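Participant: Provided below are the primary sequence and the corresponding predicted coordinates.
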Amino acid sequence: MSFDRSIKIAPSILSADFADFGREIQAIEAEGADWVHVDVMDGHFVPNLTFGPQLCKAIRKHIKTVMDVHLMIAPVDSYIDAFADAGADILTAHVEAGPHIHRTLQAIRASGRKAGLALNPGTSVEVAGPLLDLVDLVCIMTVNPGFGGQKFIHAQVAQIARLRAMIGDRPIHIEIDGGVDPVTAPLVAAAGADVLVAGSAVFKGGSVGDRAVYGRNIRAIRDAAKDDRKAA
Ligand code: DX5
Ligand code: ZN
């Protein structure tokens, strides 16, 4: 994974057919996905349950791009090695998930994976300041984590811009997660985001049998984000 700040679209398989992850992943990658975003939820840190390291390992072999694993779990540290062994390229943990995020990020780096730091909408981006030397990505949540299909929280756009200024020329991705679609993508791109996670806006209307829809949805988000960059 080399670093670049161009727009990357990361479909969240939370909106895919859970009985057919292999073909869903092949479909979105064939239709232009840059990364594959995997939402791990524990029913404790967030009010929903999804999947664990075994599922991640099983789908890894279908992912040719980047496996971007978003850990919405607490505690985190005791599971890092299992998710690293499952083949994640990036492991992202929430600052709100425990008292020792610094140690968690060190442990992710020590596992040989890229380290991501996720921030809920109620958390100020300034919390990332002391952690910037330990992270490869900061994920700004633009919904409260737990479910796909929620409404984008506009107040987060100002936080993205503040984070972008904090990062300067460090090789750190800014990822946006929640409510990203062709309407909101230009706002977050103009504020400085480069990785756009999108679940419902990518998978809506399509299927593995009708995957061209995924391609159109991905292109619509990417084109909207790029247009605004030119204007910004
Ligand atoms: C929310 C997840 C997101 C979610 C995004 O807790 O982290 O990745 O799947 O879904 P949409 O794009 O539908 O808001
Ligand atoms: Zn996510």
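Facilitator: Yep, that arrived. Ligands and ions are numbered 1, 2, ... in the order given.
Participant: Look up how far residue 221 lies from the closest residue to ligand 1 within the chain.
Facilitator: Here the residue of the chain nearest ligand 1 is residue 199; by CB to the nearest ligand atom that distance is 3.0 Å. Any C-beta I mention is one placed from the backbone N, CA and C, and that applies to glycine too. From residue 199 across to residue 221, the span is 11 Å (CB to CB, to the nearest Å).
Participant: circling back to that earlier point, show me the contacts for the residue of the chain closest to ligand 1.
Facilitator: 11, 12, 13, 14, 15, 37, 39, 148, 149 (CB atoms under 8 Å, 6 or more residues apart in numbering).
Participant: Now with 6 Å, please.
Facilitator: Contact analysis of residue 199 by CB atoms under 6 Å, 6 or more residues apart in numbering lists 12, 14, 15, 148.
Participant: got it, and residue 26?
Facilitator: Contacts of residue 26 (CB under 6 Å, 6+ apart): residue 62.
Participant: That one: helix or strand, and which one exactly?
Facilitator: helix 21-30 (DSSP states H and E).
Participant: Check whether the helix or strand just after that helix comes into contact with ligand 1.
Facilitator: Downstream of helix 21-30, the next assigned helix or strand under DSSP H and E is strand 35-41. Yes. Residues of strand 35-41 contacting ligand 1 under CB under 6 Å from any ligand atom: 37, 39.
Participant: near ligand 2, anything from strand 35-41?
Facilitator: Yes. Using CB under 5 Å from the ion, strand 35-41 reaches ligand 2 at residue 39.
Participant: Just want the angle from that strand to helix 21-30.
Facilitator: 140 degrees (axes from the mean of the first three to the mean of the last three CA atoms, to 10 degrees).
Participant: which stretches of this structure form helices?
Facilitator: 21-30, 53-60, 80-85, 101-110, 156-167, 185-191, 200-203, 212-231 (DSSP state H).
Participant: so who does the closest residue to ligand 2 within the chain touch?
Facilitator: In the chain, the residue that lies nearest ligand 2 is residue 70 (3.7 Å; CB to the ion). By CB under 6 Å, 6+ apart, the contact set of residue 70 is 39, 92.
Participant: switch the cut-off to 8 Å
Facilitator: Residue 70 touches 37, 38, 39, 40, 92, 116, 118, 139, 177, 197, counting by CB under 8 Å, 6+ apart.
Participant: Could you give the number of residues near the fifth one?
Facilitator: What it means is residue 92. 29 (other CB atoms under 10 Å).
Participant: Just give the closest residue to it, not the sequence neighbours.
Facilitator: In space, residue 92 comes closest to residue 116 once its chain neighbours are excluded; the distance is 2.9 Å by CB to CB, 6 or more residues apart in numbering.
Participant: was I right about the one you found contacting residue 139?
Facilitator: Yes. Taking contacts as CB atoms under 8 Å, residue 116 lies within contact range of residue 139: 5.7 Å.
Participant: for stretch 9-18, the distance to its chain's centre please.
Facilitator: Distance, stretch centre to chain centre, for stretch 9-18: 11 Å (CA atoms, centre = their mean, to the nearest Å).
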